[in-house]
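Student: predicted model follows, preceded by the sequence.
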Amino acid sequence: MVERTNGLPFRTALEPQHSTPAPSRPCVVIEDDHNLRKTLVELLEWLGQPVHSHFATAEEAMSALRDSAPEDLVLLTDYSLPGIKAPEFIAQVRSWPCASNWSVVLMTGFLWEDIAHEFTHQPDHFLAKPFSVEALTALLEPRA
């Protein structure tokens, strides 16, 4: 476990996880960069991960997911989104009853230490951009 500047434990993608998503959990991707979003969706599908949906903004994702999302999914969200940023988006998602079993993965090029103070509700996992296929896979495969 890594202690971060805010004193709360936080794990990176390559550290042992106490709750790792199972491979069959559908994924939702929120990424404003069209090419990166498309590549990530294609990579997830290539890895055998079902992709429930993908969005360019948090607002689009909230509108579509609030009432119709699966009870168990992996939400991969960029930090720097247009409109609502990841800290507010994650806080709102955490308040939804349907999202209680979701794993939230924050993807960003920022250091966690530089942005941790913005989050009232932390993501479950942190994936530093640029990330490798191995780092992504480490979040999607169950641990023994």
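Tutor: That came in fine, so what should we check first?
Student: how far off centre is stretch 90-108?
Tutor: The chain centre lies 8 Å from the centre of stretch 90-108; the measure is CA atoms, centre = their mean, to the nearest Å.
Student: can you list contacts of that stretch?
Tutor: 19-21, 25, 31, 62, 65-67, 69, 71-80, 84, 86, 115, 119-129, 131, 139 (CB atoms under 8 Å, 6 or more residues apart in numbering). C-beta: built from backbone N, CA, C; applies to glycine.
Student: residues touching the biggest helix by length in the chain, excluding its own?
Tutor: The single longest helix within the chain, with elements called by DSSP state H, is helix 34-46. For helix 34-46, the surrounding residues in contact (CB under 8 Å, 6+ apart) are Cys27, Val29, Glu31, Val51, His54, Ala56, Leu76, Val133, Leu136, Leu140.
Student: show me which positions of it end up buried.
Tutor: Arg37, Leu40, Val41, Leu44 (16 or more other CB atoms under 10 Å).
Student: could you dump the residues you listed to CSV with pLDDT and distance to Val105?
Tutor: Output for the buried residues of helix 34-46, formatted as CSV (pLDDT from 0 to 100; distance: CB to CB, whole Å):
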residue, pLDDT, distance to Val105
Arg37, 97, 14
Leu40, 96, 11
Val41, 97, 14
Leu44, 94, 11
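Student: before we move on, the earlier item: mind saving the C-alpha coords of the longest helix of the chain as PDB?
Tutor: The C-alpha trace of helix 34-46 is given here as PDB (Å, rounded to 0.1, in the frame of the first residue of the first chain):
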ATOM      1  CA  HIS A  34     -11.300  10.600 -29.700                       C
ATOM      2  CA  ASN A  35      -8.300   8.700 -30.900                       C
ATOM      3  CA  LEU A  36      -7.300   7.600 -27.400                       C
ATOM      4  CA  ARG A  37     -11.000   6.600 -26.600                       C
ATOM      5  CA  LYS A  38     -11.200   4.600 -29.800                       C
ATOM      6  CA  THR A  39      -7.800   2.900 -29.200                       C
ATOM      7  CA  LEU A  40      -8.700   2.000 -25.600                       C
ATOM      8  CA  VAL A  41     -12.100   0.500 -26.700                       C
ATOM      9  CA  GLU A  42     -10.400  -1.500 -29.400                       C
ATOM     10  CA  LEU A  43      -7.700  -2.700 -26.900                       C
ATOM     11  CA  LEU A  44     -10.300  -3.700 -24.300                       C
ATOM     12  CA  GLU A  45     -12.200  -5.700 -26.900                       C
ATOM     13  CA  TRP A  46      -9.000  -7.300 -28.100                       C
END
